[in-house]
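Colleague: take a look and give me a structure for this.
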Amino acid sequence: MLERIPIRWRLAGTTAILTFAILCTFAVVVGELTQSRIRSDFQSDVKAGADDLRDRISIKIEDGRLIRPTQQTLDIYAGSDHAVIRLLTLDGKVILTTSNAPQLDAPAERTQTIDGYRVETRPVPLNFGSVLVQYARPVSDLESLLERVRLFLLFGVLGGTALALLTGLAIAQRAMKPIASLTARAEEIRRTRDAARSVPVPQADDEVAELARTLDRMLRALDAAQHETEAMLTRQREFVADASHELRTPLTSVLANLELLADTLDGEQGEAAQSALRSSRRMRRLVADLLLLARADVGRQAVRKPFDLGGVAVEAAAELEPVAGEHRLHVEVEEVTMLGVRDDLHRVALNLMDNALKHTPAGTHVRATVRRVGEDAVLEVVDDGPGIGPGDRERVFERFVRGGGESAGSSGLGLAIVRAVAEGHGGTVELTDAGGPPEAPGTRFTVRLPAPHAAELSAEPAPEVPVER
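Modeller: Next up is the predicted model:
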C-alpha cells in the first residue's frame, strides 16, 4: 500500500511521524518536570502562606475579652487564591473562619490533605496558651493547572506534527518541481511526437539533474533512430513506387503475349494460357493498386485537371454493370466539377461499388449518388446489406484486410486506396450504417472532396506536377 501513496505524501508523512515522536518524548519529559515543579511550588506556597499568616495574625485578651481579627480581615488575606483560613482552639473548637469555609476535620498533623484541600496547621502562642491557625487551598486548583499544562503540551505536539506535515508537503512539492517539469515536457513530447525537443536540466548537480541528462540523451537517440526509420521508410516507399511502375511495362508485354496464345492455342494448352492470362490480369490490377498507394505514401501527385465527378461515377457503374449479377445497381448523380486526378477518383467510385457488390448477398440494392454540398463534392455508395460492425469500421481501411477472408477474391487494397486518394485530394471518407433494420442495417460510404465552383476552377491554374503513371 505504501507504493500507492504519492512520494510527496510519503516524505511529508515520514517527517511528521519523526516530529511526532520527538515532540512526544519532549512533552513527556518536560511535562513530568513541569508538573513536579508545579506541585512543589503549590505545596511551598501553602506552607509559606501558613507561616506568614501565623506571623501576622494578632490574637490577645484585654480586660477579659478575646481580641481577634475580623472575618473581613481573613477574607482579605485569603485573597484570590481560593484559600480557606480557620482559627481553632487546641481541642478543635472553631473560633473564626473565612466566608464559605468548608467543615474540615480537626488537625492531626502539621501538613494534611483533607477533603480535597491542602491544609497547613500552625500554632499561634498566646499569653494564656495557644490557638491553631489552619491555612488551606483546594487541590482542585492544582489539578486544574496541571490539566492546562497537559492540554498545552498535547496541542503543542499535535500542532507541531501538523506544521511538520505541511512543511514537509511544501518542501516535497518544491523538491519535486524539477520532476514535474520533466514530466510535463515528456507529456508534451508524447503529445507532439517531437523527439527533437529537449528536456529542462536543473542547475544543481544531483540525481534529478542526472535523470534529466539521461532523458535528454535518450531523446537524442530516439530522434536519430526516428530519422533513420523515416529515411528507410521513404526509401522503401520510393522503391515500391518505382518497382511498381517498372513492373507495368513487362506485365503489359506478358499480357499481350498471353492473349495471343489464348486465342491461338486449343485444348489443355489453351486452358493453361487462359489461366495464366487471368493470373496476369490480377497481377496487373495488384501492381496498379500498389503503385497508387506507393505514390500516395511518397507524396507524388499526378497532374490535376477539372472534371465531372458525376460522369466518373456513371462510368464506374457502367463498368460494373456486367458483373452486378442479381444485385440492383442504381446511380443518381448531378454534374459536380472538381479539380483532381480523374483516373484516381474513378478508382475510388469503382472500388466502393465493387466492394458493395462483392460483400452483400444477391438481391441487395446498391445505390451510388454524387451531389454538391456547399464547397464539397460528395460521393455516397449505400447498400441495404448486413452492414459492418462498429469494431471493424476502422480496420476495413487498412491494407490487405479482406472483408470475406481469404476466399473473398480481392487483394484487400480497395478501401485503403479509397482513403489514400480521398486524403490525397484533401478530403475524407466515412463509414456508417445506412439506417436499415437491425438485421440488415446496410452500409454507407461517404467521400467528401473539395470542389470549388467553376469560376474558381477557371481562375486557379492546374498544378504542374507530371508523374509517370
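
Colleague: now the strands for the protein?
Modeller: 60-62, 65-67, 84-88, 94-97, 111-114, 117-126, 129-138, 305-308, 328-333, 337-340, 365-373, 376-383, 428-433, 443-450 (DSSP state E).

Colleague: make JSON lines out of the ones you listed and add mean pLDDT, mean neighbour count and distance to Asp266.
Modeller: For every residue, glycine as well, the C-beta is placed using N, CA and C. Below are the strands of the chain laid out as JSON lines (pLDDT from 0 to 100; neighbours: other C-beta atoms under 10 Å; distance: least, C-beta to C-beta, whole Å):
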{"stretch": "strand 60-62", "mean pLDDT": "64", "mean neighbour count": "10", "distance to Asp266": "166"}
{"stretch": "strand 65-67", "mean pLDDT": "65", "mean neighbour count": "10", "distance to Asp266": "165"}
{"stretch": "strand 84-88", "mean pLDDT": "85", "mean neighbour count": "21", "distance to Asp266": "143"}
{"stretch": "strand 94-97", "mean pLDDT": "81", "mean neighbour count": "17", "distance to Asp266": "150"}
{"stretch": "strand 111-114", "mean pLDDT": "81", "mean neighbour count": "14", "distance to Asp266": "137"}
{"stretch": "strand 117-126", "mean pLDDT": "83", "mean neighbour count": "18", "distance to Asp266": "138"}
{"stretch": "strand 129-138", "mean pLDDT": "82", "mean neighbour count": "20", "distance to Asp266": "135"}
{"stretch": "strand 305-308", "mean pLDDT": "90", "mean neighbour count": "16", "distance to Asp266": "44"}
{"stretch": "strand 328-333", "mean pLDDT": "92", "mean neighbour count": "16", "distance to Asp266": "36"}
{"stretch": "strand 337-340", "mean pLDDT": "90", "mean neighbour count": "21", "distance to Asp266": "46"}
{"stretch": "strand 365-373", "mean pLDDT": "93", "mean neighbour count": "19", "distance to Asp266": "39"}
{"stretch": "strand 376-383", "mean pLDDT": "94", "mean neighbour count": "23", "distance to Asp266": "42"}
{"stretch": "strand 428-433", "mean pLDDT": "91", "mean neighbour count": "16", "distance to Asp266": "47"}
{"stretch": "strand 443-450", "mean pLDDT": "93", "mean neighbour count": "21", "distance to Asp266": "45"}
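
Colleague: quick one: closest of those to Leu290.
Modeller: strand 428-433 (19.6 Å; C-beta to C-beta).

Colleague: so what's Ala356 up against?
Modeller: His327, Thr364, Val366, Val381, Asp383, Gly385, Thr443 (C-beta atoms under 8 Å, 6 or more residues apart in numbering).

Colleague: and the gap between it and Val336?
Modeller: 21 Å (C-beta to C-beta, to the nearest Å).

Colleague: likewise for Arg54?
Modeller: Remark: distance between Arg54 and Val336 (C-beta to C-beta) = 123 Å.

Colleague: neighbour-wise, which of these two wins?
Modeller: Higher neighbour count among Arg54 and Val336: Val336, with 22 against 17, using other C-beta atoms under 10 Å.

Colleague: report the residue spans of the stretch 1-150 of the chain with pLDDT below the cut-off.
Modeller: The stretch 1-150 of the chain contains residues with pLDDT under 70 at 1-2, 60-67, 80, 106, 108, 127-129.

Colleague: quick check, nearest of the contacts of Ala356 to Arg174?
Modeller: Out of the contacts of Ala356, the member with the shortest distance to Arg174 (by C-beta to C-beta) is Thr443, at 58.4 Å.

Colleague: my read is that the closest one contacts Ile388, right?
Modeller: Yes - with contact defined as C-beta atoms under 8 Å, Thr443 reaches Ile388; the gap is 5.5 Å.

Colleague: between the two, which contacts overlap?
Modeller: Shared contacts of Thr443 and Ile388 (C-beta under 8 Å, 6+ apart): Leu431.

Colleague: got any ranges where the stretch 301-450 of the chain has weak pLDDT?
Modeller: 301, 402-411.

Colleague: same thing but at 80, please
Modeller: In the prediction, the stretch 301-450 of the chain carries residues with pLDDT under 80 at positions 301-303, 391, 393, 399-412.

Colleague: would you turn the strands of the chain into CSV with distance to Arg148?
Modeller: Converted to CSV, these look like this (distance: least, C-beta to C-beta, whole Å):
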stretch, distance to Arg148
strand 60-62, 44
strand 65-67, 43
strand 84-88, 23
strand 94-97, 30
strand 111-114, 21
strand 117-126, 18
strand 129-138, 15
strand 305-308, 97
strand 328-333, 95
strand 337-340, 91
strand 365-373, 84
strand 376-383, 83
strand 428-433, 77
strand 443-450, 81
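
Colleague: compare those strands and give me the one nearest Gly267.
Modeller: strand 328-333 (37.6 Å).

Colleague: alpha carbons only: can I get the closest one in PDB?
Modeller: Extracted C-alpha coordinates of strand 328-333, given in PDB (Å, rounded to 0.1, in the frame of the first residue of the first chain):
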ATOM      1  CA  ARG A 328     -29.700  -3.900 -58.200                       C
ATOM      2  CA  LEU A 329     -27.200  -1.200 -59.100                       C
ATOM      3  CA  HIS A 330     -28.700   2.300 -59.200                       C
ATOM      4  CA  VAL A 331     -26.800   5.600 -59.900                       C
ATOM      5  CA  GLU A 332     -28.100   9.100 -59.300                       C
ATOM      6  CA  VAL A 333     -25.700  11.900 -60.000                       C
END
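
Colleague: by how many degrees do it and strand 365-373 diverge?
Modeller: 10 degrees (axes from the mean of the first three to the mean of the last three C-alpha atoms, to 10 degrees).

Colleague: got the contact list for strand 328-333?
Modeller: 309-311, 313-314, 317, 320-321, 353, 357, 363-371.

Colleague: likewise stretch 133-150?
Modeller: Counting by C-beta under 8 Å, 6+ apart, residues outside stretch 133-150 touching it are 31, 34-35, 38-39, 42, 45-46, 49-50, 53-54, 57, 81-88, 104, 107, 113-114, 116-124.

Colleague: do you know how far the residue lying closest to Leu413 once chain neighbours are set aside is from Ile417?
Modeller: With sequence-adjacent residues excluded and distances taken as C-beta to C-beta, 6 or more residues apart in numbering, Leu413 is closest to Asp289, at 4.4 Å. To Ile417, Asp289 is 6 Å away according to C-beta to C-beta.

Colleague: can you list the domain ranges for this structure.
Modeller: 2-157, 207-294, 302-459 (automatic domain parsing).

Colleague: in a markdown table: these, plus distance to Arg174.
Modeller: Converted to a markdown table, those look like this (distance: least, C-beta to C-beta, whole Å):
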| stretch | distance to Arg174 |
| --- | --- |
| domain 2-157 | 10 |
| domain 207-294 | 12 |
| domain 302-459 | 46 |
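
Colleague: so which of the ones you listed is nearest Val201?
Modeller: domain 207-294 (4.3 Å).

Colleague: what is the mean pLDDT for that closest one?
Modeller: The average pLDDT for domain 207-294 rounds to 78.
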